[in-house]
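S.K.: based on what follows, work out the 3D shape:
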Amino acid sequence: MNELSKSSSSYLYCHKDNPIYWKMWNSDSINFAKIYNKPIFLSIGYFTCHWCHVMAREVFQDKEVAKLLNENFICIKVDREEHPDVDSFYINALSLLQNGNAGWPANLFLTPDLKPFFGFTYLPKRNFLKVVSEISRIWNQDKTELVEYAEKIYQYLTTNYLSSLKNYPYQLLEINNLEKFLYDIDQKIHSKMDLNGGFSFRPKFPPHQLLEYMLLRLEDTPSKYILEAVDKTLTNMILGGMYDVVDYGFCRYSVDENWMVPHFEKMLYDNSFLIYIYSKASKVFENIDLNKSKVFRCIAVNTFDFLNRFLLYGNTYLSSLSAESEYDGRDEEGAYYLFQKEEIENVECFSDFFGLHEFFNPHTKYGGLIVHYKEFPNYQNLEKMEYVVQSLRKIRNKKSKPYPDNKVILSWNCILCTYLLKSYEITQYRPFFVHASNIINFILNKMFNFNESKFYRISVGKDFYGDPILEDYIWLGLSLVHYSKLSGKAEYKTLAGKIFEKCKELFYRDGVFYNSDQFLSYDIFDNSIHSNNSLALLLDLSLNETIGKDAKDLVLKFFNFSENFLYMGSFLSFLEFYKLRISGVTCRVKKVENMYRIFWDSNFDVEPSFIEVEKGQCLDINLKICDQQKCFEFHKKIDL
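M.R.: Just a heads-up that it's a prediction; the model follows:
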């Protein structure tokens, strides 16, 4: 029978009425397949995945499909957000099986001992029946070749290839060598930039990790190349329909090259990253383009406003909003977000600030108009624009709202907490700090409590379930480090250290951090969320003065993948932080007659640099220490 009515997952619960005998991912389901020696049909998706819902309606609701699957397979449905470790392992398998093509819904066929041998993403009913019938026939007649092939795939996926990679010399981690490496990367980043910003043609995803790295670099190392990449990407992202000018917040990605036509789902983690990125950009652009700086800050604050209006649940945040909402008795992608011409033709001042882009979904024959900024906003006009926005909201409020996914995910809330705290440090916008504090208190009381031995990854209403995995430990540790810094409470950093030690105990072996203790898979590259190994290095550095030999060995192994720098933004950020940490810049004050001379000492082979100030001055000093190759900025607050 279908067991998904017992699930707390919104995504799994959507499938409770399928005639397929779905089981959940757990030891009982896996043992059931082993006992009956039947292959497993594993289907992985998530609540805001539009094509997951399409396949559910067109394929999994069909009785003919259900009969074929029920008779020949043990069928297991997985919410990838409940089990990102399972998803990571099998999405890598699907990519391998399909020559690099992978996505969701991810449908795979496994041996009873969980080894994959075939897979595909969305298929319409006719194709699905044809493929699955053939797999069933081969398995039932002679499964030997399938089992052997599955074993090869499994061995490839579970082999730790890091140990066989080139060992780069420790000298590469010296400051001048690191700076040369990063300088070369900066040029390559610029060369890969798309004309419309970002680093892909289409679809276009916000390059969170690379943006974070580039903004960090701009603070330390002024570069016209990096500045252009940041400016063009952040500007075009808010000019397209991917940014919701009515309710604020960013959709997951755009399907076109101009950031204009979104896939309408909105994710907590995307918007968490972008709150910080636009906050950071507002600081970077203060002395470059004041209007842009103010607009970027407004985008950050408004994105947080979206989260509070749509995803806030008590003191935590739900994971996402679906692309679909109810329209004319059916669920339709984008129905809430799109306008019809007659709805907006009488909205006063609309055309002064906003433009329209036609959208049509050929699959469902539904269409409408996407509202977007006509041009980059003038900060002085934002109050006038708000009047138009409120008129548009009144129209939207008559429609059915998008469905929220009701999961509170530990790691995703810690992502938001971390970036709210980092954004508060830049903007001093108090609600960032208040809500981050609320998240910390809830998590430490309800989801991750050492004293009571309570450790949960997911919260849905009053239910708490799921063991935390690597990403939960790492993001919680990082949020506690930042909270300790801004609250002045050292005990939170101590707790972060304790969490990191537990993290190493559970997930670190053979020189790398594995995503969980169930699957031998690990992250090198960033995906929608940062690489866990890069974050582990960053947490290690945040807790200590430097990193030890094991961590340095892992860093040097990662240099083998530097040609894939577009997917290693979080690793590049770690290198930049590490470079700043070992630069050893210190400050000395010496009285010379009636002036105070402030010296900066550094590891660079340059003459001591200084400035002179009068007694009683309190300065935010931005001093450049230059050698023949680069300039480095250091910020110190001096009280005399």
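S.K.: so A102, which of the three states?
M.R.: Local secondary structure at A102 is given as coil here, using DSSP: H, G, I helix; E, B strand; the rest coil.
S.K.: list the residues that contact it.
M.R.: Residues counted as contacts of A102 (Cβ atoms under 8 Å, 6 or more residues apart in numbering) are 91-92, 94-95, 121. C-beta coordinates here come from the backbone N, C-alpha and C atoms, glycine included.
S.K.: likewise for L146?
M.R.: With Cβ under 8 Å, 6+ apart, L146 has these contacts: 111, 117-118, 138-139.
S.K.: taking those residues together, which two end up most distant?
M.R.: T111 and I138 (12.8 Å; Cβ to Cβ).
S.K.: so for the two, which sits in the more crowded spot?
M.R.: Neighbour count, other Cβ atoms under 10 Å: between T111 and I138, T111 has more, with 22 against 15.
S.K.: where does the closest residue to that one other than its chain neighbours fall, secondary structure wise?
M.R.: Using Cβ to Cβ, 6 or more residues apart in numbering and skipping residues adjacent in sequence, the residue nearest T111 is A150, 4.9 Å away. A150 is located in helix 144-158, with elements delineated by DSSP states H and E.
S.K.: where's that helix relative to the chain centroid, distance-wise?
M.R.: In terms of Cα atoms, centre = their mean, to the nearest Å, the gap separating the centre of helix 144-158 from the centre of its chain is 31 Å.
S.K.: what of stretch 277-292?
M.R.: Using Cα atoms, centre = their mean, the distance between the centre of stretch 277-292 and that of its chain works out at 22 Å.
S.K.: remind me, longest helix of the protein?
M.R.: helix 290-310 (DSSP state H).
S.K.: so what's the residue nearest the centre of the chain up against?
M.R.: Against the mean C-alpha coordinate of the chain, by Cα atoms, centre = their mean, the closest residue is I529 at 3.1 Å. Neighbouring residues of I529 by Cβ under 8 Å, 6+ apart: 269, 411, 415, 471.
S.K.: switch to 10 Å and redo it
M.R.: The neighbours of I529, taking Cβ atoms under 10 Å, 6 or more residues apart in numbering as the test, are 84, 208-209, 267, 269-270, 272-273, 411-412, 415, 471, 475, 523, 535, 570.
S.K.: quick check: what element follows the longest helix of the chain along the chain?
M.R.: With elements assigned by DSSP H and E, the helix or strand that comes after helix 290-310 is strand 312-313.
S.K.: contacts for that following strand, please.
M.R.: By Cβ under 10 Å, 6+ apart, the surrounding residues in contact with strand 312-313 are 318-319, 404, 406-408, 413, 435, 438, 459-461.
S.K.: now, of the residues you listed, which are buried?
M.R.: Neighbour counting with 16 or more other Cβ atoms under 10 Å marks 318-319, 404, 406-408, 413, 435, 459-460 as buried within the contacts of strand 312-313.
S.K.: need those residues in a markdown table (columns: pLDDT and secondary structure).
M.R.: Putting the buried ones among the contacts of strand 312-313 into a markdown table (pLDDT from 0 to 100; DSSP: H, G, I helix; E, B strand; the rest coil) gives the following:
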| residue | pLDDT | secondary structure |
| --- | --- | --- |
| L318 | 98 | coil |
| S319 | 97 | coil |
| P404 | 95 | strand |
| N406 | 94 | coil |
| K407 | 96 | coil |
| V408 | 97 | strand |
| N413 | 98 | helix |
| H435 | 98 | helix |
| S459 | 96 | strand |
| V460 | 95 | strand |
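S.K.: adding distance to W25, write these out as JSON lines.
M.R.: Formatted as JSON lines, the entries for the buried ones among the contacts of strand 312-313 read as follows, by distance: Cβ to Cβ, whole Å:
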{"residue": "L318", "distance to W25": "22"}
{"residue": "S319", "distance to W25": "18"}
{"residue": "P404", "distance to W25": "23"}
{"residue": "N406", "distance to W25": "19"}
{"residue": "K407", "distance to W25": "15"}
{"residue": "V408", "distance to W25": "19"}
{"residue": "N413", "distance to W25": "22"}
{"residue": "H435", "distance to W25": "32"}
{"residue": "S459", "distance to W25": "19"}
{"residue": "V460", "distance to W25": "16"}
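S.K.: check those residues and tell me the two furthest apart.
M.R.: Largest separation among these by Cβ to Cβ: H435 and V460, giving 20.4 Å.
S.K.: helix or strand right after the helix or strand harbouring Y483?
M.R.: Secondary structure assigned from DSSP H and E places Y483 in helix 470-487. Towards the C-terminus, the helix or strand next in line after helix 470-487, according to DSSP H and E, is helix 490-507.
S.K.: about what we covered before: quick one: average pLDDT of the helix holding A150?
M.R.: Per-residue pLDDT values across helix 144-158 average out to 93.
S.K.: what's the separation between the residue nearest to L96 when sequence neighbours are not counted and V147?
M.R.: Closest residue to L96 apart from its sequence neighbours, by Cβ to Cβ, 6+ apart: I153 at 6.3 Å. Taking Cβ to Cβ, to the nearest Å as the measure, I153 falls 11 Å from V147.
S.K.: find residues that contact each of the two.
M.R.: Residues touching both I153 and V147 by Cβ under 10 Å, 6+ apart: 115, 117.
S.K.: residues contacting Y213?
M.R.: With contact taken as Cβ under 10 Å, 6+ apart, Y213 is in contact with 182, 185-186, 189, 207, 226, 565, 568-576.
S.K.: repeat that for 6 Å
M.R.: By Cβ atoms under 6 Å, 6 or more residues apart in numbering, the residues touching Y213 are 569, 572-573.
S.K.: ditto for L178
M.R.: With contact set as Cβ under 6 Å, 6+ apart, L178 has these partners: K579.
S.K.: assumed it was part of a helix.
M.R.: Yes: counting by three-state DSSP, one finds L178 located in a helix.
S.K.: pLDDT wise, what is it at?
M.R.: Among the per-residue scores, L178 shows a pLDDT of 94.
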